[in-house]
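# here you go, sequence then predicted model.
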Amino acid sequence: MSTWIGRRTLLGAAGLLAAPLPVLAAAPKPRVAIQTDHGTIVVELESGKAPITSANFLRYVDAHKYDGGTFYRASKTKGVKGAGSIQGGPPDRVRRFAPIAHESTRLTGIKHRAGTISMARNAPGTATCDFFICASPQPYLDAHPGGPGDNQGFAAFGGVVQGLDVVKKILALKADGPALYPAMKGQMLNPPVRILSMKRA
């Protein structure tokens with residue numbers, strides 16, 4: 001009798017082990033709507049692959065620090081129509097949070113393709129809040145270990161899911177404003193495109 005109960009218990013346990021486990025739904029990737037005076041751009045963040053950069057961006061969004069900012073730069077690829085990137089950030093008066101650690105594309109696997117959103121920086125580890133969106137593939141912005149000089153690339157952290165046409169429209173605008181640095185000559189939007197608001201979508 002006890003042997004039968006033991007076998008029955010074992011069989012029941014085996015049945016539980018064989019039963020399919022419920023599939024847990026993956027948490028949705030955060031999205032941010034960037035409303036400009038030229039249209040709305042919606043970006044989806046790769047918070048799982050680039051957690052530091054995504055969390056930093058959302059910190060500025062949730063604090064409304066981008067509201068009233070601008071897209072101020074249009075970096076056009078010479079000789080290729082519609083290729084390049086646009087760069088934006090909060091108003092100058094906004095207090096920045098501390099710089100964040102650099103998340104290399106070599107580690108995240110997020111490449112600079114059409115629609116990719118990425119952080120602007122000087123040296124690696126200096127990024128705060130200014131960002132850019134690629135209107136076309138720009139693989140030279142990825143990390144290239146072994147290359148000369150600063151080969152760490154830029155920290156891509158998501159991509160456009162709606163409004164890539166707005167990105168291209170902004171890129172095509174007049175960009176003859178005064179340059180902050182010689183390398184930016186012919187890239188400063190005139191006038192800049194206003195960021196009316198940025199909030200989670």
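Structure's in. What do you need?
# can you tell me the helix or strand for residue 166?
Taking DSSP states H and E as the definition, residue 166 sits inside helix 164-171.
# what's next to the helix or strand just after that helix, contact-wise?
Toward the C-terminus, helix 164-171 is succeeded by strand 188-200 as the next helix or strand (DSSP H and E). Contact with strand 188-200 is made by 30-38, 58, 60-62, 64, 66-74, 86, 88, 170, 173-180, as judged by Cβ atoms under 8 Å, 6 or more residues apart in numbering. No exception for glycine: its C-beta is placed from N, CA and C like everyone else's.
# just the buried ones from the residues you listed?
Among the contacts of strand 188-200, the ones that count as buried by 16 or more other Cβ atoms under 10 Å are 30, 32-36, 58, 60-61, 66-67, 69-74, 86, 88, 170, 175, 177.
# pLDDT-wise, which helix or strand of this protein ranks last?
Least confident helix or strand of the chain, by mean pLDDT, DSSP states H and E, is helix 2-18 with a mean of 42.
# returning to what we had before: buried residues in the helix holding residue 166, which are they?
Across helix 164-171, burial judged by 16+ other Cβ under 10 Å covers 164, 166, 167, 168, 169, 170, 171.
# repeat that for stretch 99-106.
The neighbour-count check on stretch 99-106 (16+ other Cβ under 10 Å) flags 99, 100, 102, 103, 104, 105 as buried.
# what are the ranges of the helices in the protein?
2-18, 51-62, 105-108, 164-171 (DSSP state H).
# restricting to C-alpha, output the shortest one in CSV.
Yep, that's helix 105-108 we're talking about. Only the C-alpha atoms of helix 105-108 are listed here, as CSV (Å, rounded to 0.1, in the frame of the first residue of the first chain):
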residue,chain,number,x,y,z
THR,A,105,27.8,49.7,-29.3
ARG,A,106,30.3,46.8,-29.0
LEU,A,107,28.6,45.8,-25.7
THR,A,108,25.0,46.7,-26.5
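# go ahead and confirm residue 102 touches residue 143.
No. Applying Cβ atoms under 8 Å as the test, residue 102 and residue 143 come out as separate, 9.3 Å apart.
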